[in-house]
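**Student:** Prediction below, plus the sequence it came from.
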2 protein chains.
Amino acid sequence: MVEMMTGMKRTHACASLRAQHIGETVTVMGWVQRRRDHGGLIFIDLRDRSGLVQIVFSEDLDADAFRKAEAARNEYVLAVTGSVRSRPEGTVNANLPTGEIEIAVRELRILNAAKTPPFYIEDGVDVDEMVRLKYRYLDLRRPEMQKNLIIRHKTAKVMRDYLDRQGFIEIETPMLTKSSPEGARDYLVPSRVHPGEFFALPQSPQLYKQLTMVAGMERYFQIVRCFRDEDLRADRQPEFTQLDIEMSFVEMEELLPMMEAMVAQIFEEVLGKKLERPFRRITYAEAMNRYGSDKPDLRFDLPLVDVAEQVQDVEFKVFASVVKAGGQVKAINAKGCAHFSRKEIDELTKVAAIYGAKGLAYIQMTAEGPKSPIAKFFTEAQLQALLTQLDAQTGDLLLFVADRPEVVAAALGALRLELARRLNLIDAEQLEFAWVVDFPLLEYDAEEGRYVAIHHPFTAPKDEDLHLLESNPGQVRAKAYDLVLNGVELGGGSLRIYRRDIQEKMFALLGLSPEESRDKFGYLLDAFEFGTPPHGGIAFGLDRLIMLMTGRETIRDVIAFPKTQSAADMMVDAPSVVAPRQLRELSIKVDIPAKKPMSKA
Amino acid sequence: MVEMMTGMKRTHACASLRAQHIGETVTVMGWVQRRRDHGGLIFIDLRDRSGLVQIVFSEDLDADAFRKAEAARNEYVLAVTGSVRSRPEGTVNANLPTGEIEIAVRELRILNAAKTPPFYIEDGVDVDEMVRLKYRYLDLRRPEMQKNLIIRHKTAKVMRDYLDRQGFIEIETPMLTKSSPEGARDYLVPSRVHPGEFFALPQSPQLYKQLTMVAGMERYFQIVRCFRDEDLRADRQPEFTQLDIEMSFVEMEELLPMMEAMVAQIFEEVLGKKLERPFRRITYAEAMNRYGSDKPDLRFDLPLVDVAEQVQDVEFKVFASVVKAGGQVKAINAKGCAHFSRKEIDELTKVAAIYGAKGLAYIQMTAEGPKSPIAKFFTEAQLQALLTQLDAQTGDLLLFVADRPEVVAAALGALRLELARRLNLIDAEQLEFAWVVDFPLLEYDAEEGRYVAIHHPFTAPKDEDLHLLESNPGQVRAKAYDLVLNGVELGGGSLRIYRRDIQEKMFALLGLSPEESRDKFGYLLDAFEFGTPPHGGIAFGLDRLIMLMTGRETIRDVIAFPKTQSAADMMVDAPSVVAPRQLRELSIKVDIPAKKPMSKA
């Protein structure tokens, strides 16, 4: 029954046909979306990447084609030639771009048959994601999934066109590279030629792109695969794609607007959305103070308010003692939430607890006045001062967390997002971009007993803070910047260190001995001595950007063949056991301690 | 001495300045190419990616800048502001695009200093390649190397633009995938989450791209990194880049011209060279017969001539017995080479021997008549018939190989190239493209005792040869095609099998049991049952294409950070030994049998 397409040539995409084509003979090819038999006619909605068109068979038009059409089932692959005609009155489908016409088929070839797929090929199917991933080649047939990949393609195209116009050159950097000191998250690749030695897959091309600057390439970019073997949290993939950019002879005031223009071009060309520029800028300190996050969602305000001064003297020991210990007491005024039930307040308390808060104090601004378990600890004057500061009106709900600054920020930051959802403060269509700047260069890791780099060890300190590098490293701000959209970090970058002496000082601050620095980064330190220009750059997470652009909830929906949360490919069944011979050739052995492999799903 | 660039902004690329800029104040940044002190003036050729410009310092212009300029050495990084002026009469440099002007410097900042590099930063340096690779960041500063990378960038851009216009979508396929049955050449990646299991890096995205066709994406492409852990012959890299293309509902007559148009666009837009189209086509059989190669260099003819009929009855036993045993006797007429010395003929004999020829017979057509160690075995009539067939004239050298057809083709094919070089038959500017078509589907591997696929197991047999698949598999031709340029294979592809029954038959022919087929390719066989469209594609080797376009002799010159012949990165020193903790986390152990690691260089 299945025939070759030999000699037939597609003339049109299914969904490109319109009334203007009436009378033309066309050849289309695609998949059977559905078949209806009605009054001696067979109607098939034929689907290709462009969309649907109705094709019609009858004994009169062609008896042979009609007979074959009777055999066609969903997802059969057809090639048809026929003439475009207008649909009979009353059967026009205004919801379909091709709804005014149909093709009267004179030749049909069934190019391939199809079993009944495990789920229906249409948008919004309610299928377990594991099934979708196993049959990814069917899942990707669904129009919404095709659209995601097309938007991804278009976005990468706009990026490349824009950067090319700005004189950037796409340069490919190696995938087989050297394990880094943060090697714990490296994917390793044993070398057959060098037994006992390993390559690492890059977590980012950071050093190679900096070396293209040493090499005088001046403007580099690459849309590049990166790898991180980490515990797979919410929405990470072992391999992900970033737009990686680096530029010489540049300062932030030139780089940031250039990147804004690119992002604006993407949203305009791909989604038809105009963005306002320049994007707003907010310092790290302000973002943390006001929103409890270094990637604040700015589609709504709902700020965190520091009330330490108002509560430091109250009888409520929790507040007073935290302030005394150098902690913070902060509050959010949840407008109009005074009516929240005990259960709802318990739910909010649980959210705060996830982020380490030991409790969530609250005041309900009822019509009868402030109602709160902690009200009794306040004098009338203290209470009034607090309510005034928080602009508390009848109907409001005031929520308090007292703790170390990190905990207050994390807990109230999360509560702020939770409240915005509950209060419907978020306009899904709104796009709020912001640059977060003036990050600290370092933070102290109490566990490791040393400073760690907030961005990475190659980020330059701000000139005006350079003098603090030895005396007070924690106070040094970095020439670093993150681009945030609706509370999601789209990208981040920095101006780099380009002098050997400063880079060595930085490594020392991070606890690397001169020998370790030399061993891990000797080539970079050497390179800095041969005339390295000032340079800086940025990297954008492509998966996450496309996820936001397409309004999906997981990056898996914008990756053609993603891995599961446990880093497995359900379709091809990878990773897998390999032949002993392969391991012998690589001079390695499997060496599993007494623990069981995890399930792949 | 080194200063920040804070507040300075580059206004021009060095080599963009012309007489029309005279009088303008400009800021340029770049590297010191060389410095000359002359008559109270300091001249510096400043270099950036665009090229050179001359900048001039004097006490009069700015004493501070003059003093700093005295300290500048080669490869120092400078930022200068000054005014463009015409050079004094007699000092115009017609060889330099900026040769009419110079910049009189009023402000100089030394942005970075430089040690003396291990080699001079200029084209055509004579330096050991190992040194160039170790200091790749300096090697890439040389204009010819920058040009190679820029041509690479432009070529990829033209490819993407062309394919986008044709409705192709770039889709990223996984790098962490499943080890294939040809797993011997797979790079493996141990999985931390799934102890004892491994990913493989892709040798090509072949199956994923076919699955995008099952998924109805219709037109896919990707410029993608591929990996092959093979013994590194002449000019291979462990990681290489290919332009990978796949298309549904297509036949060769549509696909090949579409690819030709892309290649023509590349050569025209990037190199300004117009190509003639359509490219010629030559069957595999003809290529092997006439040129002894399936990737013939067609810039010259110098054909192989089958002389079996003329020599089968001569007294010379070697010829006669080879013919009797089903072998071939072929000759090349090396025009005008009769004067070749014994030494030169010995050299040619060695070339033939590399390819397995047990000897090289010859006839020198001297003014005194044919001179040859084998002449005595011929009757006059036999000799005349042979000379006539080979169109032998006085001055010619006739070279003969008698052996199995593979050896004759390989040995004379190699001799043909060697003679073309010696006779200067090759015009380096000429571009001779050809499609080689009608490849055999399979060849018999005597060592393995089974058939192996010539292209790969997914290539479709020609319709008209399908009936031979079981009776005479070696005679089946494939729907496969290679694009050859000047004797180099630029790309290859095929129409694919898209029916489960034929794919299963193919696996069986290749010696896979049903269980093995299922285990390795079950997902593909399954996919073929859900409505797979006819499809086919091609892949081009980007590295090799750029090598030909730039006229380089090795692909290492067109890769930013290549590996050595022994698969090592000299700059970052990879592969390398990793921490025992890393291996423990991956549940593997190094297990080196008693042999020593190879040297990296």
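**Tutor:** Received, thanks. Numbering: from 1, shown residues only, chains lettered A, B, ... in the order given.
**Student:** which ones are touching residue A:139?
**Tutor:** Residues in contact with residue A:139, defined by C-beta atoms under 8 Å, 6 or more residues apart in numbering or on different chains, are A:119, A:132-133, A:145, B:215. No exception for glycine: its C-beta is placed from N, CA and C like everyone else's.
**Student:** What helices and strands are in contact with the lengthiest strand in chain A?
**Tutor:** Looking only at chain A and at elements set by DSSP state E, the strand with the highest residue count is strand A:25-38. Packed against strand A:25-38 by the contact rule (3 or more C-beta pairs under 8 Å, 6 or more residues apart in numbering or on different chains; DSSP states H and E) you find strand A:41-48, strand A:51-58, strand A:77-86, strand A:101-112.
**Student:** With pLDDT added, can I get the contacts of residue A:139 in CSV?
**Tutor:** Converted to CSV, those look like this (pLDDT from 0 to 100):
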residue, pLDDT
A:119, 96
A:132, 96
A:133, 96
A:145, 98
B:215, 98
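**Student:** Using CSV, please lay out the residues you listed together with distance to residue B:563.
**Tutor:** As requested, the contacts of residue A:139 are exported to CSV (distance: C-beta to C-beta, whole Å):
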residue, distance to residue B:563
A:119, 45
A:132, 39
A:133, 34
A:145, 37
B:215, 34
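**Student:** who wins for most neighbours among the residues you listed?
**Tutor:** Ranked by neighbour count under the definition other C-beta atoms under 10 Å in any protein chain shown, the contacts of residue A:139 are headed by residue B:215 with 29 neighbours.
**Student:** give the contact list for the residue nearest to it when sequence neighbours are not counted.
**Tutor:** Once its chain neighbours are removed from consideration, residue B:215 has its nearest residue in residue A:140; the separation is 3.6 Å (C-beta to C-beta, 6 or more residues apart in numbering or on different chains). The neighbourhood of residue A:140, defined by C-beta under 8 Å, 6+ apart, consists of A:146, A:149, A:560, B:212, B:215-217.
**Student:** Equivalent analysis for residue A:10, please.
**Tutor:** The neighbours of residue A:10, taking C-beta under 8 Å, 6+ apart as the test, are A:27-29, A:79, B:249.
**Student:** if I look at it, how far off is residue B:244?
**Tutor:** Here the criterion is C-beta to C-beta, to the nearest Å. By it, residue A:10 lies 22 Å from residue B:244.
**Student:** Please apply the same query to residue A:252.
**Tutor:** Relative to residue B:244, residue A:252 is positioned 38 Å away (criterion: C-beta to C-beta).
**Student:** where in the stretch 201-350 of chain A is pLDDT low?
**Tutor:** Applying pLDDT under 70 to the stretch 201-350 of chain A flags residues A:234.
**Student:** can you do 90?
**Tutor:** Judged by pLDDT under 90, the stretch 201-350 of chain A has its weakly predicted residues at A:229-236, A:310-318, A:320.
**Student:** Quick one: name the residues of it near chain B.
**Tutor:** Within the stretch 201-350 of chain A, the residues that sit near chain B (C-beta under 8 Å from any C-beta of the partner chain) are A:201, A:207-208, A:211-212, A:214-219, A:225, A:227, A:229, A:232, A:238-239, A:241, A:248-249, A:251, A:254.
**Student:** Please pick the buried ones from those residues.
**Tutor:** Buried residues within those, counting neighbours by 16 or more other C-beta atoms under 10 Å in any protein chain shown: A:201, A:207-208, A:211-212, A:214-219, A:225, A:227, A:229, A:232, A:238-239, A:241, A:248-249, A:251.
**Student:** Looking at the residues you listed, which are in strands?
**Tutor:** Using DSSP E to define strands, the subset of these located there is A:219, A:225, A:227, A:239, A:241, A:248.
**Student:** can you pull out the helices in the stretch 351-500 of chain A?
**Tutor:** Assignment of helices within the stretch 351-500 of chain A using DSSP state H, counting those that start in this stretch yields the ranges A:380-389, A:405-422, A:468-471, A:500-509.
**Student:** Of all these, which one is nearest residue A:299?
**Tutor:** helix A:405-422 (7.8 Å; C-beta to C-beta).
**Student:** List the buried residues for the closest one?
**Tutor:** Of the residues in helix A:405-422, those with enough neighbours to count as buried (16+ other C-beta under 10 Å) are A:407-420.
**Student:** Distance check, the residue nearest to residue B:215 against residue A:156.
**Tutor:** With distances taken as C-beta to C-beta, residue A:140 is found 18 Å from residue A:156.
**Student:** What parts of the stretch 351-500 of chain A come near chain B?
**Tutor:** Residues of the stretch 351-500 of chain A that fall close to chain B, judged by C-beta under 8 Å from any C-beta: A:463, A:498-499.
**Student:** any idea which of those residues is closest to residue A:450?
**Tutor:** If you rank those by distance to residue A:450 using C-beta to C-beta, residue A:499 comes first, at 22.6 Å.
**Student:** Count the neighbours of that closest one for me.
**Tutor:** Residue neighbour count, defined by other C-beta under 10 Å, stands at 17 for residue A:499.
**Student:** residues in contact with it?
**Tutor:** A:528, A:532, B:2, B:112 are the contacts of residue A:499 under C-beta under 8 Å, 6+ apart.
**Student:** what's across from residue A:223 in the sheet?
**Tutor:** On the basis of DSSP bridges, residue A:223 is bridged to residue A:243.
**Student:** burial count for it?
**Tutor:** As a measure of burial, residue A:223 has 19 neighbours, counting by other C-beta under 10 Å.
**Student:** Isn't it up against residue A:158?
**Tutor:** No. With the criterion set as C-beta atoms under 8 Å, residue A:223 and residue A:158 do not qualify as a contacting pair; they are 11.5 Å apart.
**Student:** ok, the closest residue to residue A:458 other than its chain neighbours to residue A:211 distance?
**Tutor:** The shortest distance from residue A:458 to any residue other than its chain neighbours is 5.0 Å, reached at residue A:496 (C-beta to C-beta, 6+ apart). Spatial separation of residue A:496 from residue A:211 under the definition C-beta to C-beta is 11 Å.
**Student:** One more: residue A:178?
**Tutor:** The gap separating residue A:178 from residue A:211 is 12 Å, by C-beta to C-beta.
**Student:** What of residue A:499?
**Tutor:** Note on residue A:499: its distance to residue A:211, by C-beta to C-beta, is 15 Å.
**Student:** same deal with residue A:399?
**Tutor:** As for residue A:399, its distance to residue A:211 is 50 Å (criterion: C-beta to C-beta).
**Student:** now the residues of the stretch 351-500 of chain A next to chain B as TSV including pLDDT and distance to residue A:53?
**Tutor:** Rendered in TSV, the data for these read as follows (pLDDT from 0 to 100; distance: C-beta to C-beta, whole Å):
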residue	pLDDT	distance to residue A:53
A:463	93	63
A:498	97	59
A:499	95	64
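**Student:** picking that back up, quick one, which of residue A:252 and residue B:244 is more surrounded?
**Tutor:** Looking at residue A:252 and residue B:244 with other C-beta under 10 Å, you find the greater number of neighbours at residue B:244, namely 27 against 17.
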